[in-house]
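Student: Got a predicted model here, sequence first, then my questions.
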There are 4 protein chains.
Amino acid sequence: MTNNFDDLPQDPEQATRQALCRVVHEAHAQGWCWGTSGNFSVTLDHQPLRLLITQSGRDKRRLTVDDFVVVGRDGRPVVGDTGRPSAETLLHTSIVAATGSGATLHTHSVASTLLSQQFSPQAGFTLSGYEMLKGLEGIETHRAEVFVPSLANAQDMTAFSRTVDALLAERPSLHGFLIAGHGLYTWGANLEQAQRHVEIFEFLFECEARKIGFQPLN
Amino acid sequence: MTNNFDDLPQDPEQATRQALCRVVHEAHAQGWCWGTSGNFSVTLDHQPLRLLITQSGRDKRRLTVDDFVVVGRDGRPVVGDTGRPSAETLLHTSIVAATGSGATLHTHSVASTLLSQQFSPQAGFTLSGYEMLKGLEGIETHRAEVFVPSLANAQDMTAFSRTVDALLAERPSLHGFLIAGHGLYTWGANLEQAQRHVEIFEFLFECEARKIGFQPLN
Amino acid sequence: MTNNFDDLPQDPEQATRQALCRVVHEAHAQGWCWGTSGNFSVTLDHQPLRLLITQSGRDKRRLTVDDFVVVGRDGRPVVGDTGRPSAETLLHTSIVAATGSGATLHTHSVASTLLSQQFSPQAGFTLSGYEMLKGLEGIETHRAEVFVPSLANAQDMTAFSRTVDALLAERPSLHGFLIAGHGLYTWGANLEQAQRHVEIFEFLFECEARKIGFQPLN
Amino acid sequence: MTNNFDDLPQDPEQATRQALCRVVHEAHAQGWCWGTSGNFSVTLDHQPLRLLITQSGRDKRRLTVDDFVVVGRDGRPVVGDTGRPSAETLLHTSIVAATGSGATLHTHSVASTLLSQQFSPQAGFTLSGYEMLKGLEGIETHRAEVFVPSLANAQDMTAFSRTVDALLAERPSLHGFLIAGHGLYTWGANLEQAQRHVEIFEFLFECEARKIGFQPLN
């Protein structure tokens, strides 16, 4: 269940693969990427964009350093890489291009799914009054009002990535967004910060979810 | 608590036993087969049917590669195997015969128990609007409507296996079903897919369960 | 966090101490004996009664094979044992004397605490309609009605042990009972069966607890 | 994820760092200090006060023995220590000065956050009727009434530490307090007792939280 890091070459990209594997295993253990769900990436280069991202359909519980693919801005594998990127890779490249993120994490938790559906009619909700908000980079007080958009879900990722482009152009200070019935995208300057943002959001989502008497939708 | 896989012979059936042990331990860790509940099988051969299945009454937390029995289509141990199969083995063989499944997993979670009782009067419920539905083999969009039957519980497994035969004949595209107050049966082309289906269903069951204000039955 | 079982002498009592340690660690990991709560015993001899039981006030997360004491029917350490038994030891010896249990486990979970308080006015509640009931020794069908008493809590253990004597004399087929605002006592012919009973009860308590809209008491 | 304790020098301060690391890892695993939240300290000397405390902004999941700083009564690093203490260090030193605590732990759980907000208008709430209360040092019966203050959150830690001074002067028998939307401070004569108090409070908070139908605040 754990990678033996010691017997792998310690070149920077391998170290990145190992660190990302660890973060993915930890997310799976929390129930945030069950059933092969979720996509996780680290930006190897910004100019031109080179993104290390989990391959489509891999079991995140058993992800290994070989389960990634390197893609360019168009979401396609770079020359020489035969891995199969997820359809959602384009959302990652849009986020990196708009925010300059060093790591971009997409998780599926029960609380984020419930809140994303609940607040889909209002296109999102605002978190405020929590000390944990200060774990989001740049937030200095629990009185901050952090808006979390909830976008309608879609299966056409090319069109959807343009929705994300527009969202991030309109709201450059976002730390993350939800897709209704789907999950969370968040990011950070580096992998540690992005993982911290996942934990902060999931903690706050669980707080909010417990305040709501959810109703069945169907 | 873990099997030392290295000191066991690596013939295919032993490898299957090891892989299934691992899946069972992981299910127990999630609280899905406490108190010796649950049955887990892998199809060794389809024609004639040979099924590797957990023996009756074993603690799933400490399951070892010796805690399985090989049975035929009639649910009885094959010649030379002295293990004691569970009474529910017949449900496994019915599922394998009807669906061609390579692995069949039966789990008992709190959320599946609650939903199975809640929706027993309507004989089931429909999941829709969740991206996670795409983790069920062949589902391409969150707009899919996935029906989850909830069958009345019974203790006569011979009769019950005929109910399952009829259900699967009527609904060949099912990915799983519930038994009221009892748990989930799901399956897949292989063990990885079947385990993925457990995780997908359990995630969605937890989402649905949190939307419902349950009432005591008694 | 784990005992290294290999470097300890393998006499029967040491093996019992190791097995009980493992069960206690597993209970702590589930959140069933936090903050030094809970008491766990194995019957070494029935005639005269010799009970191996966790010492008072030990952190169950780090329990070692030296954190037990051997007591007699009166709950006092046998000659030569300097350990300090818990005040609740008398409940264990009462249970062993009445039921002949080989292992007796006392846990504190959130769900058992909530249900014990909720059903304290009626002195208990009945579990029925759950397949998991069959994990209680001797129960053959989900239609069984299993009564779980909820006794008023008390601090005088000598008097309280007589309440337990009376309860078990009146209801010899019990598998366990609750103490209001306190926790679960359950037992079994051996340690494996007693641990199974804990898991079965905790699973069913969680099901029942999720069906109830609890109200603050104070 | 675990420290290899064997290859570190066993001087007392190193042993303290190791023990505190372990407690912090365990708190993170419970979800009580996600996203770099939480502060954890052990009192090295009382006269003059020397406090070993987690540095600001460290990932508690991967905390190492080098992630602490030693501070004095004014919350500033002692001569020779270049670590960066958290702004909340002053609350720790106030607590140590007022209570003589040997360890002081500050955690952020979902249940403590919810209760701290819910009972902020009444400035706190009372726990009673739980056997687990006896896990708080000096409490002898479940009938005890344990008041848990909920202070308004603030970002000026110098002013806030005076609020804590006043609270502890007024209520010297407190075992802990909440800050609204923020988390728990608790302490003990030593690290074991302080960790026990965290577990006791978190258990009781989860019980109380499940009794309340929370409402969204915003």
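Tutor: Right, received. Where do you want to start?

Student: Can you show me the helices along chain A?
Tutor: A:12-29, A:89-99, A:110-118, A:157-170, A:191-210 (DSSP state H).

Student: near chain D, which residues of chain A?
Tutor: Applying C-beta under 8 Å from any C-beta of the partner chain, we find that chain A lies next to chain D at A:26, A:125-126, A:128-132, A:135, A:140-142, A:192, A:195-197, A:199-200, A:202-203, A:206-208, A:210-213. Backbone N, C-alpha and C define where each C-beta goes, glycine included.

Student: what's around the residue in chain A that chain C sits nearest to, how many residues?
Tutor: Closest to chain C within chain A is A:Gly213: 9.9 Å, counting by C-beta to the nearest C-beta. By the criterion of other C-beta atoms under 10 Å in any protein chain shown, A:Gly213 has 12 neighbours.

Student: wait, isn't A:Thr16 in contact with A:Leu52?
Tutor: Yes: between A:Thr16 and A:Leu52 there is a contact at 6.2 Å, judged by C-beta atoms under 8 Å.

Student: what is in contact with the two at once?
Tutor: Here A:Thr16 and A:Leu52 have A:42, A:44 as joint contacts, going by C-beta atoms under 8 Å, 6 or more residues apart in numbering or on different chains.

Student: pLDDT below threshold where in chain A?
Tutor: For chain A, applying pLDDT under 70 flags the ranges A:1-9, A:215-218.

Student: So which residues on it come close to chain B?
Tutor: Residues of chain A lying close to chain B by C-beta under 8 Å from any C-beta are A:31, A:34-37, A:59, A:61, A:108, A:110, A:113-114, A:117, A:153, A:155, A:179-183, A:209, A:213-218.

Student: can you rerun that using 6 Å?
Tutor: A:34-37, A:110, A:113, A:153, A:155, A:181-182, A:214, A:216, A:218 (C-beta under 6 Å from any C-beta of the partner chain).

Student: Which ChimeraX command selects the buried ones in these?
Tutor: Command for ChimeraX that selects the buried part of the residues of chain A next to chain B, burial taken from 16 or more other C-beta atoms under 10 Å in any protein chain shown:
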select /A:34,35,36,37,110,113,153,181,182,214
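
Student: Quick one: the residues of chain A next to chain B as TSV, columns for distance to B:Val65 too.
Tutor: Putting these into TSV (distance: C-beta to C-beta, whole Å) gives the following:
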residue	distance to B:Val65
A:Trp34	26
A:Gly35	26
A:Thr36	26
A:Ser37	30
A:Val110	33
A:Thr113	37
A:Asn153	42
A:Gln155	42
A:Gly181	40
A:His182	39
A:Phe214	43
A:Pro216	43
A:Asn218	43
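
Student: now, which of the residues of chain A next to chain B sits nearest C:Leu44?
Tutor: For those, the residue nearest C:Leu44 by C-beta to C-beta is A:Trp34; the value is 44.0 Å.

Student: how much space between the closest residue to that closest one other than its chain neighbours and chain D?
Tutor: Nearest residue to A:Trp34 in three dimensions, chain neighbours excluded: B:Glu199, at 3.9 Å (C-beta to C-beta, 6 or more residues apart in numbering or on different chains). Going from B:Glu199 to chain D by C-beta to the nearest C-beta, to the nearest Å gives 20 Å.

Student: what number of residues lie near B:Glu199?
Tutor: Every residue meeting other C-beta under 10 Å relative to B:Glu199 is counted, giving 26.

Student: ok, now A:Leu178?
Tutor: By other C-beta under 10 Å, neighbour count at A:Leu178 equals 26.

Student: What residues are bridge-paired with it?
Tutor: A:Ser150, A:Leu184 (DSSP bridges).

Student: OK, contacts around the closest residue to A:Thr186 other than its chain neighbours?
Tutor: Among residues not flanking A:Thr186 along the chain, A:Gly176 sits closest, at 3.3 Å (C-beta to C-beta, 6+ apart). Residues counted as contacts of A:Gly176 (C-beta atoms under 6 Å, 6 or more residues apart in numbering or on different chains) are A:184-186, A:201.

Student: now that we have those, which one has the most neighbours?
Tutor: Most neighbours among the contacts of A:Gly176, by other C-beta under 10 Å: A:Phe201, with 30 neighbours.

Student: buried sites along the longest strand along chain A?
Tutor: Among the elements of chain A assigned as strand by DSSP state E, the one spanning the most residues is strand A:39-46. For strand A:39-46, burial by neighbour count (16+ other C-beta under 10 Å) applies to A:39-44.

Student: Repeat that for stretch A:89-98.
Tutor: Buried-residue list, stretch A:89-98, by 16+ other C-beta under 10 Å: A:89-98.

Student: count of residues packed around A:Gln122?
Tutor: By the criterion of other C-beta under 10 Å, A:Gln122 has 10 neighbours.

Student: again, but for A:Glu137
Tutor: Counted with other C-beta under 10 Å, A:Glu137 comes out at 14.
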